[in-house]
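Trainee: sequence plus the predicted model coming up.
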Amino acid sequence: MEAIEGARKMTPCDRPLPDLEIPMINTMVTCLGSEHRKLNDLTMKLAFAATRLASDPESVPARQQALEAWDEIRHDLWPHLQIEDELVLTWGEKHHAIPDALLATLKVEHEETRRLLAALPELPSSIDREPPMIEDGAAFARNLQALACTLDSHVERYDGEVLPSILRALFHK
């Protein structure tokens, strides 16, 4: 009977609910860590394809490989950044879990990532469609290389500084 009483008090407006915040944030940190491992693998593929294209911007196979790498990473990247914006930047700032200087760096990094993403071509959502024509293979390669470099720094910073900071703040309450 007491368990039922306690369960009824667990509403979004009652005080006990923030206790759920610890497992939720811990789970999100674990998920982001897992996503970073996947993102790291995709970033390496992207960097390789971009470097190959940069060495021969007119190569059709190099362009195709770069487009495939870009297509593979783009599906996961926008939602990933959105989760980080809401969880890491918003929650981390609100709870003072991340030092101000690091938080500022993260915001700049996210903006740079979005700027680089905006410079890349839109790809059709269907596999049956022809990939877009890339007129300037060298510029496309430079943008992909810059994105790969930014994402590499992103994963390293998050796994080494940001996610541990969130966990420290979460469990030191």
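Mentor: Everything's here; your move. Numbering: from 1, shown residues only.
Trainee: please make it C-alpha for all contacts and neighbour counts, starting now.
Mentor: Fine.
Trainee: any idea of the pLDDT on D56?
Mentor: Looking at D56, its pLDDT is 95.
Trainee: residue contacts, it?
Mentor: A62 (Cα atoms under 8 Å, 6 or more residues apart in numbering).
Trainee: just checking, what packs against the biggest helix by length in the chain?
Mentor: Identified as the longest helix of the chain according to DSSP state H is helix 21-55. Applying 3 or more Cα pairs under 8 Å, 6 or more residues apart in numbering; DSSP states H and E, we find helix 21-55 packed against helix 60-83, helix 137-157, helix 163-171.
Trainee: buried residues in stretch 107-124?
Mentor: 109-110, 113, 116-117, 120, 123 (16 or more other Cα atoms under 10 Å).
Trainee: and stretch 163-173, by the same measure?
Mentor: Buried residues in stretch 163-173 (16+ other Cα under 10 Å): 163, 165-167, 170.
Trainee: ditto for stretch 89-108
Mentor: 89, 91-92, 97-98, 103, 106.
Trainee: and if you look at stretch 147-163?
Mentor: Within stretch 147-163, the residues that qualify as buried are 147-152, 154-155, 158-159, 162-163, counting by 16+ other Cα under 10 Å.
Trainee: go on, stretch 70-81?
Mentor: 70-71, 73-74, 77.
Trainee: where does this structure dip in pLDDT?
Mentor: 1-19, 124-132, 173 (pLDDT under 70).
Trainee: now do 80
Mentor: 1-21, 122-135, 171-173 (pLDDT under 80).
Trainee: in helices only, show me the buried residues of stretch 107-124.
Mentor: 109-110, 113, 116-117.
Trainee: for S55, state which of the residues you listed is nearest.
Mentor: For those, the closest approach to S55 (Cα to Cα) belongs to L116, at 20.3 Å.
Trainee: mind listing residues that contact stretch 141-154?
Mentor: So stretch 141-154 is contacted by 39-40, 43-44, 46-47, 50-51, 53-54, 57, 66, 70, 109, 112-113, 116-117, 119-120 (Cα under 8 Å, 6+ apart).
Trainee: now do the phi/psi pair for P99.
Mentor: phi -60, psi 150 (degrees, to the nearest 10).
Trainee: thank you, goodbye.
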